[in-house]
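Novice: Provided below for reference: sequence and predicted model.
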Amino acid sequence: MIDNAALPASPQPLRWAEAWAPASVGNISVGFDLLGHTLDVAGDRVRVTLAPGETGVRVRSLAWDEETVPRGAETPALPLDAERNTAGAALLALLTQLEADRAQGTERTEGAGGAGSSLPGFVVDIRKGIPLGSGMGGSAASAVAALTAANALLAHPLEPAALYPAALAGETVASGSAHGDNVGPQLLGGVVLALPDRLVPIPIPAGWDLHCALVHPHQVLETRRAREVLAAPFPLADVVVQSGRLAAFIAACYRDDLGLLRGTLADALVEPRRAPLIPGFQAGRNAALRKGALGAGISGGGPSIFAWFEGADAAALGARAMKAAVEDKGIGADAWSAPVAGPAARVESCG
């Protein structure tokens, strides 16, 4: 396992790198499109190989990791066209960013093709470990893993946060909007606030012994469909309630105030509209609350259900109870638990 921020200098430039990006919980109930955190329970792997004789990005292969996406599971066809693939689109945006840096006198690709030469092409091989349409940040993870791998190939790698604009370009391909609640935490790790008018995500402290239980019902809910139900206006009173909860959540995290946090993890806006799209949601959420969860809700666009607990044992028990409740509705499900302060994307091998 290699820390991308500490890749050693090498007399021979790297020709390929493989990176992993973790699953994530978007929104965290109270911060639609703004808050997210990672979980070390599943992830996407992407290998990026330099192709000096090519230009642009070529997505060569896409496969599924059967450890987390079992054979026979619904696996929608994904485009290999770079402009319509989240990893490919992110890398195209990175190339545009590198061209702009070069125009301003910053050369980051000497090892790949020599200063002054055209930028090399990227060949991409993707191994999906996060089910699509799961609400676990799968589209974002492919983009972030691709960028993390490509960044390792640069003579002067960017800081992870500097990859954020390119990651948003990849996310936009999948969801139709540039929201950073998945790519932000996947780049930086832990809990992140991703504001739409800032090009740098903001890490949020998550103290205590916070753990997350995550249950993935075996159904697909595409992000675009999950966003369609949000088109109608929201009552101002509900917006005020949600704004107060978001402010209280941020305050609780910075104050290490677990009591205040407990009252914030409830969604007055999005969850009431999306819950009907997820048959087992109410059962899973109620099971989590009965087990003492600090709060529970829809992970990202759904159908996955998350809950925060104090302590690893409580989260593990909660995950089992949530899974059983969903399965009692006749829906198969997978369940995990892990610390809320999950990992960032990382380079795992290179050569």
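Specialist: Here it is on my side, so go on.

Novice: mind listing the strands for this structure?
Specialist: 16-26, 35-51, 57-64, 121-128, 191-193, 202-204, 210-217, 295-298, 305-310, 333-339, 346-350 (DSSP state E).

Novice: Please convert the ones you listed to JSON lines, extending it with mean pLDDT, mean neighbour count and distance to A325.
Specialist: Quick note: C-beta positions are derived from backbone N, CA and C, even for glycine. Rendered in JSON lines, the data for the strands of the chain read as follows (pLDDT from 0 to 100; neighbours: other C-beta atoms under 10 Å; distance: least, C-beta to C-beta, whole Å):
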{"stretch": "strand 16-26", "mean pLDDT": "98", "mean neighbour count": "27", "distance to A325": "19"}
{"stretch": "strand 35-51", "mean pLDDT": "97", "mean neighbour count": "25", "distance to A325": "19"}
{"stretch": "strand 57-64", "mean pLDDT": "93", "mean neighbour count": "18", "distance to A325": "27"}
{"stretch": "strand 121-128", "mean pLDDT": "96", "mean neighbour count": "22", "distance to A325": "27"}
{"stretch": "strand 191-193", "mean pLDDT": "98", "mean neighbour count": "26", "distance to A325": "26"}
{"stretch": "strand 202-204", "mean pLDDT": "97", "mean neighbour count": "16", "distance to A325": "29"}
{"stretch": "strand 210-217", "mean pLDDT": "97", "mean neighbour count": "27", "distance to A325": "9"}
{"stretch": "strand 295-298", "mean pLDDT": "97", "mean neighbour count": "26", "distance to A325": "11"}
{"stretch": "strand 305-310", "mean pLDDT": "98", "mean neighbour count": "28", "distance to A325": "9"}
{"stretch": "strand 333-339", "mean pLDDT": "97", "mean neighbour count": "21", "distance to A325": "9"}
{"stretch": "strand 346-350", "mean pLDDT": "96", "mean neighbour count": "19", "distance to A325": "34"}
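
Novice: would you list those strands in CSV and tack on distance to L147?
Specialist: Below are those laid out as CSV (distance: least, C-beta to C-beta, whole Å):
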stretch, distance to L147
strand 16-26, 8
strand 35-51, 9
strand 57-64, 11
strand 121-128, 10
strand 191-193, 16
strand 202-204, 18
strand 210-217, 24
strand 295-298, 27
strand 305-310, 25
strand 333-339, 23
strand 346-350, 11
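
Novice: Helices along the stretch 1-150 of the chain, start to end?
Specialist: Along the stretch 1-150 of the chain, the stretches classed as helices by DSSP state H, counting those that start in this stretch are 86-103, 110-113, 138-152.

Novice: hmm, back to that, looking at the strands of the chain, which is closest to L258?
Specialist: The closest approach between L258 and any of these, judged by C-beta to C-beta, belongs to strand 305-310 at 6.8 Å.

Novice: could you dump the closest one to CSV, C-alpha only?
Specialist: The C-alpha trace of strand 305-310 is given here as CSV (Å, rounded to 0.1, in the frame of the first residue of the first chain):
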residue,chain,number,x,y,z
ILE,A,305,-29.2,2.9,4.5
PHE,A,306,-26.6,4.2,7.0
ALA,A,307,-26.7,4.8,10.7
TRP,A,308,-24.1,6.3,13.1
PHE,A,309,-23.3,4.6,16.4
GLU,A,310,-21.0,5.3,19.3
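
Novice: Which secondary structure elements does it sit against?
Specialist: With contacts defined as 3 or more C-beta pairs under 8 Å, 6 or more residues apart in numbering; DSSP states H and E, strand 305-310 has these neighbours: strand 210-217, helix 281-290, strand 295-298, helix 312-327.

Novice: Apply 6 Å and report the result again.
Specialist: strand 210-217, helix 281-290, helix 312-327 (3 or more C-beta pairs under 6 Å, 6 or more residues apart in numbering; DSSP states H and E).
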